[in-house]
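J.: How does the following fold in three dimensions:
(chains A, B, C, D, E and F)
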Number of protein chains: 4
Amino acid sequence: MRKLDPIKHEAKRRQILEVAERCFLRDGFRGASISDICAEARMSPGHLYHYFKSKEVIIRELVELHLQRVASRFAQMAEKPDVLEAFLDEIGIWRTTKLKRNPTLIHEVVAEASRNPAIAETLRRRIQALRDMLAGFLREGQERGQIDPQIDPDLAAAVLVSLVDAIDSLAAKDDEKFNSAEGIDLLKTLFARFLTPQAVGLPKRAGPAARQPRDTLETAT
Amino acid sequence: MRKLDPIKHEAKRRQILEVAERCFLRDGFRGASISDICAEARMSPGHLYHYFKSKEVIIRELVELHLQRVASRFAQMAEKPDVLEAFLDEIGIWRTTKLKRNPTLIHEVVAEASRNPAIAETLRRRIQALRDMLAGFLREGQERGQIDPQIDPDLAAAVLVSLVDAIDSLAAKDDEKFNSAEGIDLLKTLFARFLTPQAVGLPKRAGPAARQPRDTLETAT
Amino acid sequence: MRKLDPIKHEAKRRQILEVAERCFLRDGFRGASISDICAEARMSPGHLYHYFKSKEVIIRELVELHLQRVASRFAQMAEKPDVLEAFLDEIGIWRTTKLKRNPTLIHEVVAEASRNPAIAETLRRRIQALRDMLAGFLREGQERGQIDPQIDPDLAAAVLVSLVDAIDSLAAKDDEKFNSAEGIDLLKTLFARFLTPQAVGLPKRAGPAARQPRDTLETAT
Amino acid sequence: MRKLDPIKHEAKRRQILEVAERCFLRDGFRGASISDICAEARMSPGHLYHYFKSKEVIIRELVELHLQRVASRFAQMAEKPDVLEAFLDEIGIWRTTKLKRNPTLIHEVVAEASRNPAIAETLRRRIQALRDMLAGFLREGQERGQIDPQIDPDLAAAVLVSLVDAIDSLAAKDDEKFNSAEGIDLLKTLFARFLTPQAVGLPKRAGPAARQPRDTLETAT
DNA sequence: CATGAATGAGCTTTCATTCAT
DNA sequence: CATGAATGAAAGCTCATTCAT
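T.: Residues are numbered from 1 along each chain as shown, chains lettered A, B, ... in the order given. Prediction:
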C-alpha cells in the first residue's frame, strides 16, 4: 500500500522546502506562517505536518540546504588550477548571474541564530566549513606562491567568508552601483591586493600593522 | 507645575527604548512582545502606548537611534589628521571594546527591511549617509596621496561599509579567532593594501582585472 | 477660593456635553472614547472626571437633554390655535431646517437602551411624555371637532411618535426623495387623512378593520 | 470523503450567525465580543475565524440576512389578489406573531451605518429594494383602483417602509398598548385612510398641502 | 496520503478610570 | 481647578499544532 513512499516522500519534502523558502524570503521566518506555506504549496496544514514535525524543522533544514549549496559551489572551485583566479571569477559570476534573482535568507538566519541555539549551531558549522575549505585553498595557493605566505590562512579565510556575506547583503538592496561591472572589478581588486604576495613583510602586531601601511603610503607618496 | 512633561516624557521614552532594544536584541523584533518590554520596563501595556503609538514606531525609532550612533562615530574620524589610520584604528578599537558587549540589531533591521518599507527606507538612508561620509574621507585621502587615486571613492565606500557590517554580524558571536588581535591586524592589512596607492595601475574592465593580479603574483614569485 | 463654582461648573458641564454629543454623533456611544471627547474639549481625562462621574453619566445626561429639547418643541405647539396644523407644520419645518444639519442620537439611544436599563428607562419616560403630550393635543382637537373622535388618542399618539422617529432615522441619510417638498407634503397628507374626521365609522376589531377600508375604496370608486 | 465541506461548512456558518445574532441583539454590535459569541457557540475564537474573516463580516452577513428575510416576506405579498389588504394583514400577522419574540437588529444597523460605510451601503440597498417592491404594489393597486391615484407611488413607498420600521422599534419596548389588537387595528386604519382613493384631490405644494387638510377638517366640522 | 475542523495561548492595541502632583 | 502618568482588563485577531475522518 505504501510502496513508492521513499521517493515520493522525499520529493514532496523538497517541494515544500522550496515553497517555504520563497515564503520566508518574502516574509521572514516569523512573518511567514504555516498557513501561508500550505496555501502556496496547495496542501492542508495537517498534511504538511506529515512531512515536517514542526516549523522549526523546516527552518533548520532550509538552513542546512543553504549550507550545502554554498559548500558545493566552493568545492567546485577546488578543481580549477589557479585557485585565486577561480575565487575571483566565482565572485564575479555569482554576483552577476545568481544573486540578483536569488536574494538570500542569510539575514533571517543570522537574526534567528541569535536566539535559536539550534540555528546558531548550524550557522556556526556552516561558517566553519566554509572557512576550512577556503583556508585549504589559501594554503595551496601559498605553496604555489600565488598567495602571500605571510597571511594566516585561517584568519584570512574568516575574513573572506565575511566578505562574501557582506556582498550578499549589499546586493540585496538593488544597488545599481554595486551590481555594475565596475563594482565587481573593484571587489576583485580588493581581493587580489589583499592576497597577492608583497615585497614588504607583514608585521606581527597591531602597532606595526597600523604602521606598515603608512610606510607604504609614504613610499608611494 | 503641570508642564514638567517634555523632560520627563522624553526621559521615559529613552528608557523604554533602551529596554526595548535589550528585548529585541534577545528575541528579535517579532520575537519580543510588547508584554515582554512592559514587564522588563515595569509598566503596564496601556502606559507604554502613552509614549509610543505602536510597536512599529518603537522599532523605527530604535533603528534611527542606531543610525545616529554609527554616524556620530564616523563623524569623529573626520577630525583625525590621517583619515586612513583613523579608520583602521577605529575598526580595531570598536571591535575589541564595543562589539563584544554590544551586539547589534543590524540583522534584525536588515531582515525587517526586506518586508517593511519604512524600515527599508531608514536603512537605505543610513547606509547612504555612511557611504557618503566614507567617500568624502577617501577623496581627502586621495588628495593627500594617502589613498590610491585610481579607486572610485564612491564604489570603495560602498564596499567598505558593507564589509564593516558583514564582519560585525558574522563575527559577533564570540568568534575567538576573529576578535583576537591578529584578526584585527589582518583586517587592517586588508584595508591598507586595498587603499594604498599602487605602482601598477588599476584595470578598467573585468577581463584584465582577473589578469593583473596574476601578473603581480608571478612577478613577485 | 471656590466662589464662582456653581456657575462656571455648570457652564463647563454644558460645554463638555456639547462636545460629547458631537463625538457620539460621529462615532456612537461605544465608538467615541473619553479620550476623544477630552481631546475635542481640550481638557485632560482626569479633569473630565471632575465633572462627570463616568461615561455613562454623560450619556444619560445627554439623553435627558434630548428629551427636554423635543419636549419643549412640542410644548410650543400647544399654544397654536389649530393643533393639527401646528403639528403638521412642525413636521415640515423640522425636517427641512433642523434635520439636515442635526442628525440625532436617537438610534444610538435606542440601541443602547436595549441593553442599558438606565437608558431604557429614560427613553421610556421620554416617549411616554411625548405620547401624553400628543394625546392631549389629540383630545383637544377631538373636542374642537378637528380630529376624528373615533380614534383612541393614546394609541394614535403612540403611532405618531414612532412614525416621527422612524422617518427621522430612515430619511436622515441624504434621502433626496424624502427630504423634498413633495416628500413632506405626502407626509402631511398621511397625517391629515389619518386624523381628519371621517364620514364612515371606525371598526372595533381586526376583521372589519381589514374590511372597512375596502368598502371605502369601493364606495369611493 | 474529504469534500463534505460545502454542506457542513455552510451549516456551521449559519449556526454561528444565529448565535451572533442573539448576542448582538442582547449586547449590540460593539457590546457583544467575539469571545461572547464563541462561548455561546461552544467554540474557540481561532475556530470562529475559520468561518468568518472578521467580526465585521459577521455583522455584514447578518444585515444581509435581515434584508433577505424582509424582502422575501414582502415578495409573498405580491401573490395575493388584493395587495392593500395583503399588506394590511401582513402587518397584523407579523406584529402579533413574529415580532414579540424576534426583536430586530434594525437600530443597531442604523446606528452602525452612520459610521460604517459598508453597512450604510447595505442598508441603503435594503431600503431601496423594499421601496421599489412596495412602489410596484402601489402602482398595481392604483391601476385596479384600490389605491388613490393621486399618490406618488415612489414617495408613498418610502413613507410606508419607514412606517414598518417605526412599528418595529415601537414593539421592541414591550409596549402593551401597541401590541394589542386595538393598536394593530389603528395602524391598519392609518394605512387604509392614507391609501384609499379620495374624493378631494391632493395638493401640489407645501402651502396648499398644509391647507387642504384643514379644509377637509372644516368640511367635516 | 490527505483534509480541514478545532484548539488555546498569545499577540498588539484600546479604553474607562484612578491618582499623585 | 487641572494635568497626564499609570493601570489592567478586555478587545479582535493570528498561529503553530493536533485530531477525527
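J.: buried set for whichever strand or helix holds residue A:46?
T.: Using DSSP states H and E, residue A:46 maps to helix A:45-51. For helix A:45-51, burial by neighbour count (16 or more other CB atoms under 10 Å in any protein chain shown) applies to A:48, A:51. Yep, even glycine has a C-beta here, placed from its N, CA and C like the rest.
J.: So which elements touch it?
T.: helix A:5-31, helix A:34-40 (3 or more CB pairs under 8 Å, 6 or more residues apart in numbering or on different chains; DSSP states H and E).
J.: Residue ranges of each domain in chain A, please.
T.: A:1-52, A:59-199 (automatic domain parsing).
J.: Which of those sits closest to residue C:126?
T.: domain A:1-52 (51.2 Å; CB to CB).
J.: if we can go back for a sec, just say which of the domains of chain A is most tucked in.
T.: domain A:59-199 (a mean of 18; mean count of other CB atoms under 10 Å in any protein chain shown).
J.: re the thing from before, for the helix holding residue A:46, which outside residues touch it?
T.: Contact with helix A:45-51 is made by A:9, A:12-13, A:16, A:34-35, A:37-38, A:41, as judged by CB atoms under 8 Å, 6 or more residues apart in numbering or on different chains.
J.: And those residues, which is the shakiest by pLDDT?
T.: Lowest pLDDT within these is found at residue A:9 (88).
J.: That one - nearest residue in space that isn't next to it in sequence?
T.: With sequence-adjacent residues excluded and distances taken as CB to CB, 6 or more residues apart in numbering or on different chains, residue A:9 is closest to residue A:51, at 7.3 Å.
J.: Tell me the predicted confidence for that neighbour.
T.: pLDDT at residue A:51 comes out at 95.
J.: Tell me the one among the contacts of helix A:45-51 nearest to DNA strand F.
T.: residue A:34 (3.5 Å; CB to the nearest atom of the strand).
J.: Isn't that closest one up against residue A:56?
T.: No: in this structure, residue A:34 is not within contact of residue A:56 by CB atoms under 8 Å, at 11.2 Å.
J.: Can you flag the weakest of the helices and strands packed on helix A:45-51 by average pLDDT?
T.: Of all the helices and strands packed on helix A:45-51, mean pLDDT reaches its minimum on helix A:5-31 (a mean of 90).
J.: got the angle between that one and helix B:5-31?
T.: Interaxial angle of helix A:5-31 relative to helix B:5-31 (axes from the mean of the first three to the mean of the last three CA atoms, to 10 degrees): 180 degrees.
J.: Distance from the chain centre to helix A:5-31, please.
T.: How far helix A:5-31 lies from its chain's middle: 20 Å, per CA atoms, centre = their mean, to the nearest Å.
J.: Quickly check: it near DNA strand E or not.
T.: Yes: contact of helix A:5-31 with DNA strand E (CB under 7 Å from any atom of the strand) involves A:5, A:8-9, A:12.
J.: Can you list the residue ranges for strands in chain A?
T.: Along chain A, counting by DSSP state E, no stretch forms strands.
J.: where in it is pLDDT low?
T.: Residue ranges of chain A with pLDDT under 70: A:1-4, A:78, A:83-84, A:91-104, A:164-180, A:199-221.
J.: Now do the helices in it.
T.: Taking DSSP state H to define them, one finds helices in chain A at A:5-31, A:34-40, A:45-51, A:55-77, A:83-93, A:100-101, A:106-113, A:117-143, A:153-172, A:176-179, A:181-195, A:206-220.
J.: In JSON lines, list these along with distance to residue B:109.
T.: Formatted as JSON lines, the helices of chain A follow (distance: least, CB to CB, whole Å):
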{"stretch": "helix A:5-31", "distance to residue B:109": "12"}
{"stretch": "helix A:34-40", "distance to residue B:109": "23"}
{"stretch": "helix A:45-51", "distance to residue B:109": "31"}
{"stretch": "helix A:55-77", "distance to residue B:109": "20"}
{"stretch": "helix A:83-93", "distance to residue B:109": "25"}
{"stretch": "helix A:100-101", "distance to residue B:109": "22"}
{"stretch": "helix A:106-113", "distance to residue B:109": "9"}
{"stretch": "helix A:117-143", "distance to residue B:109": "18"}
{"stretch": "helix A:153-172", "distance to residue B:109": "11"}
{"stretch": "helix A:176-179", "distance to residue B:109": "19"}
{"stretch": "helix A:181-195", "distance to residue B:109": "23"}
{"stretch": "helix A:206-220", "distance to residue B:109": "31"}
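J.: before we move on, back to that, quick check, nearest of the residues of helix A:5-31 next to DNA strand E to chain C?
T.: Within these, the smallest distance to chain C is 49.4 Å, found for residue A:12 (CB to the nearest CB).
J.: coming back round to it: nearest approach to residue D:29 belongs to which of the domains of chain A?
T.: domain A:1-52 (28.0 Å).
J.: Please say whether there is contact between the helix holding residue A:46 and DNA strand F.
T.: Yes: against DNA strand F, helix A:45-51 shows contacts by CB under 7 Å from any atom of the strand at A:45-46, A:49.
J.: near DNA strand E, which of the residues you listed show up?
T.: Applying CB under 7 Å from any atom of the strand, the subset of the residues of helix A:45-51 next to DNA strand F adjacent to DNA strand E comprises A:45-46.
J.: Dump the helices and strands packed on helix A:45-51 to TSV, plus distance to residue D:106.
T.: Below are the helices and strands packed on helix A:45-51 laid out as TSV (distance: least, CB to CB, whole Å):
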stretch	distance to residue D:106
helix A:5-31	42
helix A:34-40	37
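J.: With respect to residue B:116, which of those helices lies nearest?
T.: Closest to residue B:116 of the helices and strands packed on helix A:45-51 is helix A:5-31 (CB to CB; 9.4 Å).
J.: Can you tell me the closest non-neighbouring residue to residue A:127?
T.: With CB to CB, 6+ apart as the criterion, residue A:127 has its nearest non-adjacent residue at 6.1 Å, and that residue is residue A:161.
J.: whoops, residue A:36 was the one
T.: Excluding its sequence neighbours, the residue lying closest to residue A:36 (CB to CB, 6+ apart) is residue A:23, at 5.2 Å.
J.: Quick one: closest of the helices and strands packed on helix A:45-51 to residue B:60.
T.: If you check each of these against residue B:60 by CB to CB, helix A:5-31 wins as the nearest, at 16.8 Å.
J.: And the closest one, what does it pack against?
T.: Counting contacts by 3+ CB pairs under 8 Å, 6+ apart, helix A:5-31 packs against helix A:34-40, helix A:45-51, helix A:55-77, helix A:106-113, helix B:5-31.
J.: List the contacts of the third one.
T.: In this case it means helix A:55-77. The contact list for helix A:55-77, computed with CB under 8 Å, 6+ apart, reads A:16-17, A:20-21, A:24, A:29, A:34, A:37, A:52, A:83, A:86-87, A:90, A:94, A:104-106, A:109, A:112, A:116, A:118-119, A:122-123, A:125-126, A:129-130, A:133-134, A:137.
J.: how does it look with 7 Å?
T.: Residues lying outside helix A:55-77 but in contact with it, judged by CB atoms under 7 Å, 6 or more residues apart in numbering or on different chains, are A:17, A:20-21, A:24, A:29, A:34, A:52, A:83, A:86-87, A:90, A:105, A:109, A:112, A:118-119, A:122-123, A:126, A:129-130, A:133, A:137.
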